[in-house]
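J.: Quick one, what's the 3D model for this:
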Amino acid sequence: MKLASTTSAGATWPSWVLVVAAVLVSGLLIAGPALRRRYPVAWWLLLGFPATAFRVVRTWRPLMAGCGLAVSRRPALTVVSGLVGNGAPPPQPRVPRRGLIRPTSGGFAVLVRLLPGQVPKDFVKAAPAMGESWQVHTVRVTSWKPGVVRIVASASDPLAVPRVPKQRGPGHLLRVNVGALETGVAWVVDLRRVPHWLIVGATRSGKSTLINALVAGLAPQPVALVGIDCKGGMELSLYEPRLSALATNREQAVRLLTALVDLTLDRMTVCRTARVRNIWGLPEKECPVPIVVIVDEIAELFLVASRNEKDEAQAAGTALIRIAQLGAALGVFLVVAGQRVGSDLGPGVTALRAQLGGRVCHRVADPGTAEMALGDLNPDALKAAQAIAPEQAGTAVLASGDGWERARSHLITEAEAEAVAAEYAHLTPVLSELHVEAP
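T.: Residues are numbered from 1 along each chain as shown. Predicted coordinates for the structure are as follows:
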């Protein structure tokens, strides 16, 4: 009877519920710092996200008004309401309608419907104010569909210590988990989706580390790796046990690229005979092995000092462009890297750049390289790349036709990449048509 009288009013919770809730909240608060260090995703979902979501809801209307994103309902009535009205407060301005706040592994995402006359750029300008008001690390605004923008916030910098686990085993063909994106999800290079990539970066910017991660992820897969390193093989010779061919000077590179063009044309004939549009339409037993061509320091292919070198550079550039144009459907993929990539290297570089749909720009030593990598895709990506500081090694801006992101590759050392190449050396396909004689 005492219990019934306690709960019959219905205005208060039973005392045991309040005690349990208090214990749970206190436990979470006490264990919060340790939980955040060891299990950051769990901490965010249990504590960080609810507090941040409440902050977003509470500040939404004043934030929209302060950023100029609210629209008066009846401007004329608002002006004269104090003169001719009955003392009623003026109508509240309309604010963009916000959807459900959905948590991510390290932040949240929310869709917002624009008011008449608004464009996504209005919200992009307000992103810094949103980040300050919500006390999050960064806010990104992208166009979701006509009339709707998507706001993605990161509570902390996921690039400080990438937590995405390294890829183990062969995984999906031609897909490699190389690091983490700023949104906290895995940075996956999928050559089936974006077949050709340009990677630029100054010394000690993280370019070589990214290539290490890419090679380490591709080594367990049934693919052929081909290297072109005109600096005497200083970089790519580390992976030589896993390479089906390696060119260490421009003369060898021209012969190897010419052989790759011939191989691509042969595959085209096979596909045409079988009446399929790409090698993936062939029967599994007849499908040729995919080939990933890694070109390190592209400038060494295009710099010339004599007439003979000019002819070699032109031949190399022409072959690369042909491979880029034809290779995606025929199983030949390009990863072109360099410290400096600019139009001063010749028209061949600009033509090749147009065929490389995926771009990765680390910290660079000259603005022309960043412009060459990202300028034709997205001006915002270009600004973000130019803001990368020297101490942010491994951090890069990646862009493609789908948009752009800040990312950071896993720290895979040269010794680790060399060990992986040796471990999977037995998987190296023998491609006799790509054999390059030593000089």
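J.: OK, contacts around the residue lying closest to A202 once chain neighbours are set aside?
T.: Leaving aside its chain neighbours, A202 sits nearest to A365 (4.3 Å; criterion: Cβ to Cβ, 6 or more residues apart in numbering). (Glycine included, C-beta is placed from N, CA and C.) Applying Cβ atoms under 8 Å, 6 or more residues apart in numbering, we find A365 in contact with 202-203, 339-340.
J.: got TSV for those residues, with secondary structure, distance to C67 and neighbour count too?
T.: Formatted as TSV, the contacts of A365 follow (DSSP: H, G, I helix; E, B strand; the rest coil; distance: Cβ to Cβ, whole Å; neighbours: other Cβ atoms under 10 Å):
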residue	secondary structure	distance to C67	neighbour count
A202	coil	37	17
T203	coil	41	9
Q339	coil	41	19
R340	coil	40	19
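J.: Out of these, which is nearest to A415?
T.: Nearest to A415 out of the contacts of A365 is T203 (Cβ to Cβ; 19.1 Å).
J.: Would you quantify the distance from the closest one to E235?
T.: 12 Å (Cβ to Cβ, to the nearest Å).
J.: swap in G206?
T.: In terms of Cβ to Cβ, G206 sits 14 Å off from E235.
J.: between the two, who's got more neighbours?
T.: G206 (25 against 19; other Cβ atoms under 10 Å).
J.: so how many other residues sit close to the residue nearest to T318 when sequence neighbours are not counted?
T.: Nearest residue to T318 in three dimensions, chain neighbours excluded: G348, at 7.1 Å (Cβ to Cβ, 6+ apart). Neighbourhood size, G348 [other Cβ under 10 Å]: 18.
J.: Tell me which helix or strand G348 sits in.
T.: If you go by DSSP states H and E, G348 is part of helix 347-355.
J.: Give the other helices and strands that whatever helix or strand comes next after that helix contacts.
T.: Moving toward the C-terminus from helix 347-355, the next helix or strand (DSSP H and E) is strand 358-361. For strand 358-361, the packing partners by 3 or more Cβ pairs under 8 Å, 6 or more residues apart in numbering; DSSP states H and E come out as strand 196-200, helix 367-374, strand 395-400.
J.: go again using 10 Å as the cut-off
T.: Helices and strands touching strand 358-361, by 3 or more Cβ pairs under 10 Å, 6 or more residues apart in numbering; DSSP states H and E, are strand 186-190, strand 196-200, helix 207-218, strand 332-338, helix 367-374, helix 379-386, strand 395-400, strand 403-409.
J.: What is the burial count for P96?
T.: Other residues close to P96 by other Cβ under 10 Å number 18.
J.: and what of L100?
T.: 9.
J.: quick one: contacts for L431?
T.: 224, 226, 244-245, 259-260, 263, 288-289, 291 (Cβ atoms under 10 Å, 6 or more residues apart in numbering).
J.: gap between it and Q252?
T.: Using Cβ to Cβ, L431 is found at 15 Å from Q252.
J.: ditto for P290
T.: The gap separating P290 from Q252 is 22 Å, by Cβ to Cβ.
J.: Which one of these two is surrounded by more residues?
T.: When P290 and Q252 are compared for neighbours, P290 comes out ahead with 24 against 20, by other Cβ under 10 Å.
J.: these two touch, right, the more buried one and P222?
T.: Yes - using Cβ atoms under 10 Å, P290 is in contact with P222, at 7.9 Å.
J.: okay, and for the stretch 1-150 of the chain, where does confidence drop off?
T.: Confidence mapping of the stretch 1-150 of the chain against pLDDT under 70 gives the ranges 1-13, 16-37, 73-91.
J.: Tell me which stretches of it form helices.
T.: Along the stretch 1-150 of the chain, counting by DSSP state H, counting those that start in this stretch, helices occupy 2-7, 15-38, 40-43, 49-66, 75-84, 120-134.
J.: rewinding a little: now, the contacts of L431 that are in helices?
T.: Residues of those located in helices (DSSP state H): 259-260, 263.
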